[in-house]
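1. Let me see the structure of the following:
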Amino acid sequence: MHDTLSSLVERALAGNQRPLEFYLREQSRLPGSRANLELVSDVSNLLAAVVSEQPGEVRILLNYLVTDGTTVTTNTPDEFIALCGVVAFGACAVVRAEWRDEVFALLGDFACSAAWRVREGVAIAFQQLLPVAAEESIEYLVELATKGNCLQQRASIAAIAEPSLLYTPAVVDAGLTIQQLVLERLHAIPVGERKRDDVRALRKALGYTVSVVAAAAPEKGFALMRECAGWGDADINWVLRENLKKKRLAKYAEHTEMVSKLLA
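-> Down below sits the predicted model:
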């Protein structure tokens, strides 16, 4: 597969993108329950490896892959093509620092995609950038959490809620800040508007992201959960109960019991 993929990427960079596109479609495993994420990673790694020598050619190919990224139908080969492009944009921006502002803006747009795997690709792209450009990435994620729509807020909480990233005080503090901002914004949405698909997607993501950050910073994380439990908000209470179920919080029984009592 690697030899075939490398050859197709070379041809695509030379201007013949269609064979690569057809290959990605055939190998996407979509429609299906699980996309070919190994292939997504291989594509992004190959493009990141050559972006320093061929930045113009790589940019043209990436733009080709994400052409329909905001409108593709989910669980289709089209979704997979866009997913490859979104993740690869993140990987290439790791290498090309001068691309980052533009890529952040693109990721903000793709966070609103109609296809959920493209939205997941946005989180993966940010997670590639956070270890090498933490300050810039955090600044943009906080902006999405503060000013973005529900799907952009979802991208911000999902991107930062990755255990392997939560090892420095700056990232942990940012994770707490982003979760709190988004929880407060969900709480502020009128109850009558909460049945919208975008609100439901945000609530579902919060159902796991809060516990990821709380596990990295238990004192502050559980303090946030106790504060939220006092709001008397049914949707926020659902979010908290979902997080309390996570195995990652099992060793913090005293903290989880305190939150559970507030929700009783």
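2. Start from the N-terminal end of the chain and give the helices.
-> Secondary structure of the chain by DSSP state H: the helices cover 2-13, 18-27, 37-50, 55-65, 77-95, 100-110, 116-129, 134-147, 150-160, 169-188, 197-216, 218-229, 234-244, 253-263.
3. and those as a markdown table, adding distance to residue 71?
-> In short, each C-beta sits where N, CA and C put it, glycine included. Listed next are the helices of the chain as a markdown table, based on distance: least, C-beta to C-beta, whole Å:
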| stretch | distance to residue 71 |
| --- | --- |
| helix 2-13 | 22 |
| helix 18-27 | 17 |
| helix 37-50 | 20 |
| helix 55-65 | 14 |
| helix 77-95 | 9 |
| helix 100-110 | 11 |
| helix 116-129 | 10 |
| helix 134-147 | 20 |
| helix 150-160 | 14 |
| helix 169-188 | 25 |
| helix 197-216 | 15 |
| helix 218-229 | 35 |
| helix 234-244 | 29 |
| helix 253-263 | 40 |
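4. For the chain, give me the ranges with low pLDDT.
-> 1 (pLDDT under 70).
5. How is it partitioned into domains?
-> 1-129, 134-264 (automatic domain parsing).
6. how about residue 113, what does it touch?
-> 69, 70, 71, 72, 82, 119, 122 (C-beta atoms under 8 Å, 6 or more residues apart in numbering).
7. at 7 Å instead, please
-> Contacts of residue 113 were listed using C-beta atoms under 7 Å, 6 or more residues apart in numbering, and they are 69, 70, 119.
8. closest to residue 34 among the residues you listed?
-> For the contacts of residue 113, the minimum distance to residue 34 (C-beta to C-beta) is 16.2 Å, reached by residue 119.
9. Any quick ChimeraX command for the buried ones out of the contacts of residue 113?
-> Those of those that count as buried under 16 or more other C-beta atoms under 10 Å are selected in ChimeraX with:
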select :69,119
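10. Tell me the backbone dihedrals of residue 96, please.
-> Backbone dihedrals for residue 96, given as degrees, to the nearest 10, come out at phi -100, psi 90.
11. mind starting the numbering at 4 from now?
-> Sure, I'll start numbering at 4, so the last one becomes residue 99.
12. Let me know the distance separating it from residue 52.
-> Counting by C-beta to C-beta, to the nearest Å, the separation of residue 99 from residue 52 is 12 Å.
13. swap in residue 225?
-> Using C-beta to C-beta, we find residue 225 at a distance of 43 Å from residue 52.
14. Residue 100 now?
-> Distance, residue 100 to residue 52, using C-beta to C-beta: 16 Å.
15. Looking at the two, which is more packed in?
-> Between residue 100 and residue 52, residue 52 has the larger neighbour count (other C-beta atoms under 10 Å), namely 15 against 11.
16. What about the residue nearest to residue 210 when sequence neighbours are not counted, how many residues nearby?
-> Once flanking residues are discounted, residue 210 sits nearest to residue 245: 3.6 Å by C-beta to C-beta, 6 or more residues apart in numbering. Using other C-beta under 10 Å, residue 245 is surrounded by 16 other residues.
17. The residue nearest to residue 258 when sequence neighbours are not counted: neighbouring residues, count only.
-> Take residue 258 and drop its neighbours on the chain: the residue closest to it by C-beta to C-beta, 6+ apart is residue 225, 4.1 Å away. Neighbour count for residue 225, taken as other C-beta under 10 Å: 19.
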